[in-house]
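Colleague: what follows is a predicted protein model with its sequence.
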Amino acid sequence: NAGVTQTPKFRILKIGQSMTLQCAQDMNHNYMYWYRQDPGMGLKLIYYSVGAGITDKGEVPNGYNVSRSTTEDFPLRLELAAPSQTSVYFCASSLRDINIQYFGAGTRLSVL
Amino acid sequence: AQKVTQAQTEISVVEKEDVTLDCVYETRDTTYYLFWYKQPPSGELVFLIRRNSFDEQNEISGRYSWNFQKSTSSFNFTITASQVVDSAVYFCALGSNDYKLSFGAGTTVTVRA
C-alpha cells in the first residue's frame, strides 16, 4: 500500500524562487493536511482540506498556497521562498469519521 | 485554544528499562481525541494510539501502555522493557471535532544497548 506519497524528498531553493510540494494519497481519504516541522518543535498546521475544492488556513499559512482539485492530490505551493521557510514539510490524510491522520515521509526543504 | 505540553525534552535509558512519557493538554472541548505518534530517525511519523475523551480505560498493547486521566488532563505513555528500536521522537497530539491536530514539541527517547 502506497498510503501518502510526498515528492520531492529533498530540495534546495534560492531566496525568491517558487516551488510546489506534491502530495498524493490512495486511501480515498476526505481530509488532507500540510504541516511544517522546525527543529526541536512539534508540527504546525499550514493548510487543510475537507474535500475536493475546499481548503482552509491552519496556524501558519503565510507564504503558502494550496489547491485540492481531486480527492487524491493536495499540492502545497511556496511563492517567493524565504529562509524562514526552511523546514521539513509533512502531508497527512484522514477519513472524515475516523480522525487518525496518516503521514507521508516528508519533504526536507532548505532556502538559501 | 488547544495546547499540548510535553515537559520532557529528552530521555535516555539503558535497554530493558521502562520509559514513561508525560503529556498534559488543555482544551475547552468536551469531545476530543488524544494521540501518540512516533518519529524514528528515518523521519516518518507513525501513528501509535488514539483515545477519545469518553474512554478513560487504560490499556496495554504489547510493550506499550497508556494512562489517560481527565481529572489531571494527562495522557502518559509507557514503553516497557525498552529496546534500541524504540529510539525516536514521540509526539503527543490533541484533536477535536474539527479534525485538526495540535502537537506537543516532542520527547526524544534514546535507548542505549
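Modeller: It's in. Numbers count the residues shown, from 1 in each chain, chains lettered A, B, ... in the order given.
Colleague: now do the same contact list for the residue nearest the centre of chain A.
Modeller: What sits nearest the mean C-alpha location of chain A, by C-alpha atoms, centre = their mean, is residue A:34, with 3.1 Å. Residues touching residue A:34, when contacts are defined by C-beta atoms under 8 Å, 6 or more residues apart in numbering or on different chains, comprise A:21, A:23, A:45-48, A:58, A:64, A:66, A:74, A:76, A:89-92. All C-beta spots, glycine's among them, are computed from the backbone N, C-alpha and C.
Colleague: again, but for residue B:81
Modeller: Neighbours of residue B:81 in contact, by C-beta under 8 Å, 6+ apart: B:16, B:17, B:18, B:63.
Colleague: quick check: the residue of chain A nearest chain B.
Modeller: Using C-beta to the nearest C-beta, the closest approach of chain A to chain B is made by residue A:42 at 3.4 Å.
Colleague: report the beta-bridge partners for the closest residue to that residue other than its chain neighbours.
Modeller: Counting by C-beta to C-beta, 6 or more residues apart in numbering or on different chains, residue B:103 is the residue found nearest to residue A:42 once chain neighbours are left out, at 3.4 Å. Partner residues in beta bridges with residue B:103: residue B:93, with DSSP bridges as the criterion.
Colleague: for residue B:103, give me its contacts.
Modeller: With C-beta under 8 Å, 6+ apart as the criterion, the residues that contact residue B:103 are A:42, A:43, A:44, B:4, B:37, B:91, B:92, B:93.
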